[in-house]
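>>> return a 3D structure for these sequence lines:
(one chain, ligands or ions: 1)
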Amino acid sequence: MKTFDARIEAWKKKAEALVRPRIDGIDEIVEYNQWKVIEAFRACKVSDYHFNPSTGYAYNDRGREVLDELYARVFGAEAALVRPHFASGTHTISTALFGILRPGDELLYITGSPYDTLHKVIGKSGDGTGSLADFGIGYKEAALLENGGIDWEKVRRQISPATRVIGIQRSRGYAWRSPFTVDEIAGMTRIVKEMCPGVVVFVDNCYGEFTEKTEPTEFGVDLMAGSLIKNPGGGLAETGGYICGRKDLVELAAYRLTAPGIGAEVGAMLGTTRGIYQGLYMAPTIVGQAVKGSIFAAAMFDFAGFASSPAWNAPRTDLIQAIVFDRAEQLIAFVQGIQLAAAVDSHVVPEPWDMPGYEHPVIMAAGTFIQGGSLELSADAPIREPYIGYLQGGLTYAHVKYGVLNALQNLFDRNLL
Ligand SMILES: *Cc1c(COP(=O)(O)O)cnc(C)c1O
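Numbers count the residues shown, from 1 in each chain. A predicted model of the protein is given here:
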């Protein structure tokens with residue numbers, strides 16, 4: 001068995017004992033969600049013929065149709081659109097927004113600046129890229145308060161008759177702020193609906209699925225989107241995304257994904273169906289493994305003297321563990337140390353690069369079976385001050401532990417600890 005510096009081994013022992021009650025709490029959420037998912041499979045009468053690959057237009061692909069029903073049930077939504085044709089989370093969210101916004105409408109994000117890759121989807125007027133702005137769709141955002149809460153004064157001032165969609169991002173993304181729990185999102189939705197009853201509440205649910213017992217669409221959220229190479233794909237879905245929520249809005253998103261009038265009626269699954277089904281079945285357990293790993297990481301980096309968020313004993317509503325380093329070299333050594341622990345591509349040394357859609361060089365440890373699949377153990381960081389590394393995923397708790405141990409050892413070996 002691999003051994004680490006004595007100090008790191010001692011922290012490991014201490015951390016394991018410290019987080020034990022938290023781990024038991026996660027197991028309880030896993031059990032709850034496992035049965036929720038199985039109940040949905042039972043209600044949908046899922047059979048093995050649903051897993052058959054479809055080709056061409058794939059009209060009447062029962063596997064695809066039942067998959068939509070299954071997701072709708074699990075997420076407490078009227079309808080869902082679950083497709084391998086969504087190339088990424090950003091594509092999925094973009095499809096949802098373009099599906100419901102029209103020229104002259106405004107999108108207002110109330111949780112501060114959204115995830116980096118959405119900035120180009122929002123775009124700038126006249127940018128010629130086909131962004132929302134390019135189509136005459138306005139954008140506003142209300143920065144969060146100092147304490148991380150919603151600035152309701154600012155939201156109230158920014159709402160106008162043109163406001164059509166209110167955007168909420170559950171997870172922190174690449175920002176030093178707390179994620180919003182399902183309970184908090186339910187509260188925001190109530191307030192927004194009072195302020196402006198006709199507005200559509202949209203939630204970017206990336207990294208949130210199955211970390212709690214409920215999902216935002218159970219509490220009045222109108223439309224929600226996420227990525228299948230994150231939580232709900234369970235590490236088995238090979239690609240794709242999901243949109244769920246109000247039936248009329250999901251239909252509009254489907255018109256945008258394929259074509260008006262065609263919507264969800266076509267789309268060959270090309271053999272991806274079984275992985276998406278089985279991934280959903282596995283998702284509660286795998287998400288639990290990743291969340292346990294994040295809690296362990298929080299304790300370990302705390303012992304090592306790095307500020308980390310959320311704290312090991314704080315409630316969880318997403319997978320992400322943010323860790324603040326003092327210097328860029330430490331951040332890079334951390335990410336490279338995570339890569340050293342990978343089963344795939346451990347011999348590769350990640351370096352910062354200009355990733356499409358991101359505004360700063362980004363370094364990514366992604367030694368994953370699914371390229372960029374971040375329910376798998378991964379770490380990334382934009383190289384900018386403050387030097388925050390974002391750690392997430394892990395298909396097994398044991399693997400996350402090794403990731404953290406290797407990362408700390410890598411810092412130690414380079415005299416950065
Ligand atoms: C990952 C993520 C996205 C975008 O997903 P990609 O697959 O990277 O395009 C959007 N929002 C949040 C909060 C995310 O975590």
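
>>> list phi and psi for the residue nearest to residue 29 when sequence neighbours are not counted.
Leaving out its chain neighbours, the residue that sits closest to residue 29 by C-beta to C-beta, 6 or more residues apart in numbering is residue 213, at 5.9 Å. C-beta: built from backbone N, CA, C; applies to glycine. Phi and psi for residue 213, reported as degrees, to the nearest 10, are phi -80, psi -20.

>>> isn't residue 213 up against residue 34?
No. Assessed by C-beta atoms under 8 Å, residue 213 is found out of contact with residue 34, at 11.2 Å.

>>> neighbour count for those two, which is higher?
Taking neighbours as other C-beta atoms under 10 Å, residue 213 and residue 34 compare with residue 34 leading, 17 against 14.

>>> ok, the more buried one - contacts?
284, 285 (C-beta atoms under 8 Å, 6 or more residues apart in numbering).

>>> ok but it is inside a strand, no?
No. Judged by DSSP: H, G, I helix; E, B strand; the rest coil, residue 34 forms no part of a strand; its state is helix.

>>> next, work out how far apart it and residue 283 are.
Relative to residue 283, residue 34 is positioned 9 Å away (C-beta to C-beta, to the nearest Å).

>>> now for these two: what residues contact both?
Common neighbours of residue 34 and residue 283, counting by C-beta under 8 Å, 6+ apart, are absent.

>>> pretty sure residue 330 contacts residue 386?
No. If you go by C-beta under 8 Å, residue 330 and residue 386 don't touch, sitting 11.6 Å apart.

>>> between the two, tell me which one has more neighbours.
Higher neighbour count among residue 330 and residue 386: residue 330, with 20 against 10, using other C-beta under 10 Å.

>>> tell me which element that one is part of?
Following DSSP states H and E, one finds residue 330 within helix 328-340.

>>> which residues sit against that helix?
Against helix 328-340 from outside (C-beta under 8 Å, 6+ apart): 323, 325, 345-346, 348-350, 352, 363-367, 377-381, 383, 387-389, 391, 403, 406-411, 414, 416.

>>> likewise stretch 228-238?
Residues contacting stretch 228-238 (C-beta under 8 Å, 6+ apart): 71, 82, 84, 86, 88-89, 206-211, 226-227, 239-242, 272, 275-276, 278-283, 285-287, 319, 369-370, 372-376, 395.

>>> ok, stretch 254-264 next?
Contacts of stretch 254-264 (C-beta under 8 Å, 6+ apart): 68, 81, 83, 85-86, 95, 98-99, 250-251, 265-267.

>>> mind saving the C-alpha coords of that stretch as PDB?
In PDB, the C-alpha atoms belonging to stretch 254-264 read as follows (Å, rounded to 0.1, in the frame of the first residue of the first chain):
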ATOM      1  CA  ALA A 254     -37.100  20.600 -27.200                       C
ATOM      2  CA  TYR A 255     -38.100  22.900 -30.100                       C
ATOM      3  CA  ARG A 256     -34.800  24.600 -29.700                       C
ATOM      4  CA  LEU A 257     -32.800  21.400 -29.400                       C
ATOM      5  CA  THR A 258     -34.200  19.900 -32.600                       C
ATOM      6  CA  ALA A 259     -36.600  22.200 -34.600                       C
ATOM      7  CA  PRO A 260     -39.900  23.900 -34.000                       C
ATOM      8  CA  GLY A 261     -42.700  21.400 -34.600                       C
ATOM      9  CA  ILE A 262     -40.400  18.500 -34.200                       C
ATOM     10  CA  GLY A 263     -39.200  18.800 -30.600                       C
ATOM     11  CA  ALA A 264     -38.700  15.700 -28.500                       C
END
